[in-house]
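Chemist: sequence first, then the predicted structure:
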Amino acid sequence: GEDILSDHNIPYPAVIAHRGASIVAPESTRPAYEIARETGADYFEADVQMTADGELIIFHDETLERTSNVEEVFPDRINDEIGEFTLEELRQLDYGSWFNEANENYADENYEGLDILTLDELIDIAKAGSHTPGLILETKHPEKYDGIEQEIVNILEERNWLEEEGFEKTIFFSFSLSSLRKFKELVPDKPRLLLITDNRISRRSWNNWLEYSSEIADGLGPKGFMAWPWHIAAAHENKKFVFPYTINYLWQIRTLAHFQASGFITDRPEVVLGFLDRL
Ligand code: G3P
Ligand code: CA
């Protein structure tokens with residue numbers, strides 16, 4: 001697996017902070033990414049969506065309810081999709097207090113009132129530390145946001161991000177092969193990974209995924225407990241890397257390291273980096 005990643009100039013094994021260090025800080029917010037960066041994660045994983053006024057924001061869910069105080073600020077819009085809000089409206093919400101209520105152990109008063117991040121701000125955070133992690137940008141529900149791939153590439157170009165030095169600083173993820181195809185047309189050199197939601201992936205269906213994605217994706221992202229040695233070996237034979245998600249427990253990390261997974265998408269980068277002796 002190492003040679004496949006080195007062809008793409010991606011560190012092996014890649015440690016990917018899923019929505020930032022999202023066990024210890026509210027997902028997709030500034031402190032979650034700052035902690036991931038300072039811990040030494042190789043990549044930020046970030047879900048990208050688009051506001052009603054065309055701004056790119058980092059947010060996972062389709063609605064605001066789970067990770068904001070939308071019910072206080074816009075009580076009649078709890079079920080509205082995030083793409084129906086303008087950036088100015090989204091900036092009125094608090095994206096941290098829900099976390100303090102849900103996680104006594106990691107609650108922190110600095111998390112109260114956290115703002116939503118734009119892609120532009122995420123780039124600032126990546127650049128502001130002692131090392132610059134790469135960005136793994138996942139297009140979330142891309143079928144709802146016509147032109148989101150072009151918009152993402154525009155921002156990366158404006159910020160000169162695509163020329164960042166060192167290892168490969170840009171990887172695209174999606175559950176949508178057609179979204180990855182658009183990235184291939186726009187920036188053919190940047191690696192792309194197809195995410196897979198299946199709960200069981202038989203040999204036949206894994207081979208089908210490899211075949212289905214072969215021209216478009218450089219890697220596959222199965223659910224973590226699904227990645228067995230033969231999945232990984234078959235991917236490697238096809239020159240594809242494998243980043244399983246979401247790998248938070250030591251037993252999973254140990255097992256997948258043994259299976260030579262190409263990287264770890266994790267809510268706990270400090271645990272993976274500790275296991276790899278990289279803290
Ligand atoms: O990056 C892989 C993983 O993030 C895909 O699932 O739902 O967390 O975006 P989800
Ligand atoms: Ca994601």
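Modeler: Noted; the coordinates are in hand. Ligands and ions are numbered 1, 2, ... in the order given.
Chemist: so which bits of the stretch 51-200 of the chain are right by ligand 2?
Modeler: Applying Cβ under 5 Å from the ion, we find that the stretch 51-200 of the chain lies next to ligand 2 at residue 138. Every residue, glycine included, has its C-beta placed from N, CA and C.
Chemist: low pLDDT regions in the stretch 51-200 of the chain?
Modeler: Low-confidence segments of the stretch 51-200 of the chain (pLDDT under 70): none present.
Chemist: which residues of it fall in helices?
Modeler: Under the criterion DSSP state H, counting those that start in this stretch, the stretch 51-200 of the chain carries helices at the ranges 70-73, 87-90, 97-102, 119-127, 148-158, 177-186.
Chemist: out of those, nearest to ligand 1?
Modeler: The closest of those to ligand 1 is helix 177-186. By Cβ to the nearest ligand atom, the value is 13.1 Å.
Chemist: what residues sit buried inside the closest one?
Modeler: Buried residues in helix 177-186, defined by neighbour count with 16 or more other Cβ atoms under 10 Å: 179, 180, 181, 182, 183, 184, 186.
Chemist: got these as a markdown table, with distance to residue 88 columns?
Modeler: Below are those laid out as a markdown table (distance: Cβ to Cβ, whole Å):
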| residue | distance to residue 88 |
| --- | --- |
| 179 | 27 |
| 180 | 31 |
| 181 | 33 |
| 182 | 28 |
| 183 | 29 |
| 184 | 34 |
| 186 | 28 |
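Chemist: looking at the residues you listed, which one is closest to residue 82?
Modeler: Nearest to residue 82, judged by Cβ to Cβ, of the buried residues of helix 177-186 is residue 179 at 17.3 Å.
Chemist: tell me, how many neighbours does the residue nearest to the closest one when sequence neighbours are not counted end up with?
Modeler: Nearest in space to residue 179, with sequence neighbours left out and distances taken as Cβ to Cβ, 6 or more residues apart in numbering, is residue 142 at 3.9 Å. Residues near residue 142, counting by other Cβ atoms under 10 Å, number 22.
Chemist: tell me who's in contact with the closest residue in space to residue 120 that isn't next to it in sequence.
Modeler: Residue nearest to residue 120 in three dimensions, not counting chain neighbours: residue 155, with 6.1 Å by Cβ to Cβ, 6+ apart. Going by Cβ atoms under 8 Å, 6 or more residues apart in numbering, residue 155 touches 56, 119, 120, 123, 161.
Chemist: roughly how far does residue 155 sit from residue 45?
Modeler: 17 Å (Cβ to Cβ, to the nearest Å).
Chemist: how about residue 226?
Modeler: Where residue 45 is concerned, residue 226 sits at a distance of 18 Å (Cβ to Cβ).
Chemist: which one of the two has more residues nearby?
Modeler: Neighbour totals were compared for residue 226 and residue 45, and residue 45 leads with 29 against 14 (other Cβ under 10 Å).
Chemist: so that one lies in a helix, does it not?
Modeler: No - assessed with DSSP: H, G, I helix; E, B strand; the rest coil, residue 45 is strand; it does not lie in a helix.
Chemist: so it bridges to which residues?
Modeler: For residue 45, the beta-bridge partners are residue 18, residue 136 (DSSP bridges).
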